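1. Any chance you can model this:
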Amino acid sequence: MAAEDIVSECFINAFQRKEDFPSLGQLKSFLFTAAKNAALNYIKAQKRHDDIHHSIERGADRYSIDVENAYIKTEVLQFISGEIEKLPPQCRQVVHLAIIEGKSAPEIAAELNMAYQTVLNQKAKGVGLLRTAVLKNKLLSLPMLVLALNMLHR
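-> Numbering: from 1, shown residues only. Here you go, the predicted model:
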């Protein structure tokens with residue numbers, strides 16, 4: 001259909017400029033050149049169109065993956081936060097600061113006015129309890145389970 005449209009346009013252009021072609025040879029040359037150029041332009045435009053659509057599809061796929069990852073991370077954080085609330089008080093404070101707020105052991109020790117080794121012990125105890133809770137939870141999907149365990153590994 002595109003080829004038929006190109007040829008039709010070339011004949012219309014030739015008819016509108018019929019005074020420019022005193023001989024049949026010049027008309028044939030014009031039609032050949034015009035059809036070739038129009039076909040090349042069509043191919044270029046089609047390629048640009050396809051490239052744009054592929055780019056949009058890749059962006060949509062990337063966006064979809066980002067949204068899915070954000071959802072999984074939110075679910076995992078919500079689950080871990082719920083499990084942190086079940087920990088003993090001192091352990092809960094240390095684990096919350098370490099995992100949720102991302103603070104280092106020296107920062108936690110200074111903030112809670114606690115010995116550095118106590119922070120390490122409480123964190124190890126809390127993370128161990130959280131790992132057990134995560135592994136026991138049958139409702140977590142594999143991606144959520146992997147993310148939860150990675151978060152606890154830090």
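2. Surely Arg92 touches Gly82?
-> No - look at Arg92 against Gly82 with CB atoms under 8 Å: they stay out of range, at 11.7 Å. The way it works is simple: take the backbone N, C-alpha and C, and place the C-beta from them, glycine included.
3. Can you pick out the residue with more neighbours from the two?
-> Using other CB atoms under 10 Å, the more surrounded residue of Arg92 and Gly82 is Arg92, with 16 against 10.
4. Which residue is the nearest non-sequential neighbour of the more buried one?
-> Ile84 (5.8 Å; CB to CB, 6 or more residues apart in numbering).
5. How about Ile6?
-> Ile6's closest residue in space is Ala38 (CB to CB, 6+ apart), at 4.5 Å.
6. right, and the secondary structure at the one you found would be what?
-> helix (DSSP: H, G, I helix; E, B strand; the rest coil).
7. quick one: pLDDT of it?
-> What the model reports for Ala38 is a pLDDT of 92.
8. Show me the helices in this protein, by range?
-> 2-16, 24-85, 89-95, 105-112, 116-136, 142-153 (DSSP state H).
9. Most tightly packed of these?
-> Mean neighbours per residue, mean count of other CB atoms under 10 Å, is largest over the helices of the chain for helix 89-95, with a mean of 19.
10. Ramachandran angles for Phe21?
-> phi -120, psi 90 (degrees, to the nearest 10).
11. so who does it touch?
-> If you count contacts by CB atoms under 8 Å, 6 or more residues apart in numbering, Phe21 has them with 14, 27, 30.
12. I figured the residue nearest to Ile6 hits Ala3, correct?
-> No - the pair Ala38 / Ala3 is not scored as a contact, 9.6 Å apart, by CB under 8 Å.
13. Can you name the residues that contact the closest residue to Arg17 other than its chain neighbours?
-> Distances taken as CB to CB, 6+ apart place Phe30 nearest to Arg17, at 8.0 Å, with adjacent residues excluded. Listed by CB under 8 Å, 6+ apart, the contact partners of Phe30 are 14, 17, 20-21.
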